[in-house]
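[1] 3D model of this:
(one chain, ligands or ions: 1)
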Amino acid sequence: MKGRYWLMIVFLMVSAIDANAQSAVWKNKKCAVVLTYDDALDVDIDNALPVLDSLKLKATFYLIGCSEATERRMKDWRKAARHGHELGNHTLFHPCDGAGADRSFVDPDFDLSKYTVNRAVREIKVNNVLLKAIDGKNQRTFCYPCGDRTINGAFYYDQLKNDFVAARGVEDGMPLPGEVDLDNINAYAINGETGEELIAMVNEALQKHSLLVFMFHGVGGGHELNVSLQAHSQLLHYLRAHRKEIWVAPMIEVAQRIAAYQKGSDPLKNRNLNTALYNR
Ligand SMILES: [Zn+2]
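    Prediction:
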């Protein structure tokens with residue numbers, strides 16, 4: 001009985017220490033929120049960036065190399081990167097898998113199902129060169145066009161793990177630090193949600209102490225997947241007002257901390273684990 005009692009105490013202590021280690025990943029806040037904007041749209045610069053910058057929130061913009069707005073707004077992207085936003089890689093031509101009934105929108109010239117892995121990898125590497133020419137950075141994260149990860153069953157990102165810190169996917173989920181799949185990070189596709197609904201998602205992440213990634217396309221227009229200016233602004237103001245509890249950062253920063261935690265090389269985590277051993 002006594003032995004069981006001590007076992008319970010040790011279990012509770014280790015659980016508490018583990019919870020501490022997890023919140024250390026989120027910079028000792030309750031959860032992490034990443035704001036991502038896909039497809040290199042004019043509205044990123046015209047509608048999203050002014051709100052982000054006025055509230056001192058940093059985000060990730062996933063740029064497609066061939067997008068008109070990548071070329072036309074190059075100075076603006078460069079300025080965004082200088083202000084601490086991440087320019088992520090969303091490939092050179094946004095190839096999606098054209099096989100399947102709902103994929104009539106896929107350009108036959110850039111149909112991922114007709115690519116070789118080598119072609120996909122080479123194009124993505126060229127997009128990294130282009131992004132480096134804009135922001136001067138050597139490290140960034142990747143984002144799968146349409147969430148498609150395979151070419152004839154092969155995971156093409158397997159050939160790119162040394163080129164990126166992590167890759168963002170398109171599947172819903174609010175994982176804890178140890179549960180995050182850095183090769184396919186969960187994200188919520190936003191389309192038509194109200195400000196209240198977006199804030200409810202943040203509150204769920206706060207409660208779960210998890211990661212929450214928003215995936216935006218249009219902001220106040222600019223894409224068929226859209227969030228209204230009002231809902232977007234409401235969400236950002238909420239994040240700013242709760243900055244003591246919520247860590248908001250570009251994907252690269254959040255992914256770097258998760259990677260360190262998962263490898264056990266996070267100094268905060270090691271300190272906590274050492275304490276756990278000492279307490280036993
Ligand atoms: Zn896209």
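[2] tell me which residues form a beta bridge with the spatially closest residue to residue 115 that is not a sequence neighbour?
    Spatial nearest neighbour of residue 115, chain neighbours left out: residue 151 (5.4 Å); criterion: C-beta to C-beta, 6 or more residues apart in numbering. (C-beta placed from N, C-alpha, C; glycine too.) On the basis of DSSP bridges, residue 151 is bridged to residue 154.
[3] doesn't residue 111 make contact with residue 151?
    No - counting by C-beta atoms under 8 Å, residue 151 stays clear of residue 111, with 10.3 Å between them.
[4] Between these two, which is the more surrounded one?
    Higher neighbour count among residue 151 and residue 111: residue 151, with 20 against 15, using other C-beta atoms under 10 Å.
[5] how close does that one get to the ion?
    Counting by C-beta to the ion, to the nearest Å, the gap from residue 151 to the ion is 17 Å.
[6] and residue 269, what pLDDT?
    For residue 269, the pLDDT comes out at 49.
[7] before we move on, what about residue 20?
    Listed pLDDT for residue 20 reads 67.
[8] count of residues packed around the residue in the stretch 151-280 of the chain positioned nearest to the ion?
    Using C-beta to the ion, the single residue of the stretch 151-280 of the chain nearest to the ion is residue 217, 7.3 Å away. For residue 217, the neighbour count with other C-beta under 10 Å is 20.
[9] which ones are touching the residue nearest to residue 115?
    Shown here is residue 151, whose contacts under the criterion C-beta atoms under 8 Å, 6 or more residues apart in numbering are 112, 113, 115, 116, 117, 120.
[10] for the ion, what are the nearby residues on the protein?
    By C-beta under 5 Å from the ion, the residues of the chain that approach the ion are 38, 39, 145.
[11] Specify the strand with the largest residue count in the protein.
    strand 31-38 (DSSP state E).
[12] mind listing what that strand pairs with, with the direction of each?
    The pairing partners recorded for strand 31-38 under DSSP bridges are strand 60-63 (parallel), strand 211-216 (parallel), strand 246-248 (parallel).
[13] May I have it exported as CSV, CA atoms only?
    Written as CSV, here are the backbone C-alpha positions of strand 31-38 (Å, rounded to 0.1, in the frame of the first residue of the first chain):
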residue,chain,number,x,y,z
CYS,A,31,-0.4,27.2,-26.2
ALA,A,32,1.2,28.1,-29.6
VAL,A,33,-0.7,29.7,-32.5
VAL,A,34,0.7,30.0,-36.0
LEU,A,35,-0.9,32.2,-38.6
THR,A,36,-0.1,31.0,-42.1
TYR,A,37,-1.2,32.6,-45.4
ASP,A,38,-1.0,30.5,-48.6
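[14] Who's the closest spatial neighbour of the residue of the stretch 51-200 of the chain found nearest the ion, skipping the chain neighbours?
    Distances between the stretch 51-200 of the chain and the ion by C-beta to the ion are smallest at residue 145, namely 4.9 Å. Among residues not flanking residue 145 along the chain, residue 94 sits closest, at 4.4 Å (C-beta to C-beta, 6+ apart).
[15] wait, what's in contact with the residue nearest to residue 67 when sequence neighbours are not counted?
    Spatial nearest neighbour of residue 67, excluding adjacent residues (C-beta to C-beta, 6+ apart): residue 40 at 3.8 Å. By C-beta under 8 Å, 6+ apart, the contact list for residue 40 reads 61, 62, 63, 64, 67, 69, 70, 77, 90.
[16] Throw those into JSON lines and include pLDDT, thanks.
    Listed next are the contacts of residue 40 as JSON lines, based on pLDDT from 0 to 100:
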{"residue": "61", "pLDDT": "98"}
{"residue": "62", "pLDDT": "98"}
{"residue": "63", "pLDDT": "98"}
{"residue": "64", "pLDDT": "98"}
{"residue": "67", "pLDDT": "97"}
{"residue": "69", "pLDDT": "97"}
{"residue": "70", "pLDDT": "97"}
{"residue": "77", "pLDDT": "98"}
{"residue": "90", "pLDDT": "98"}
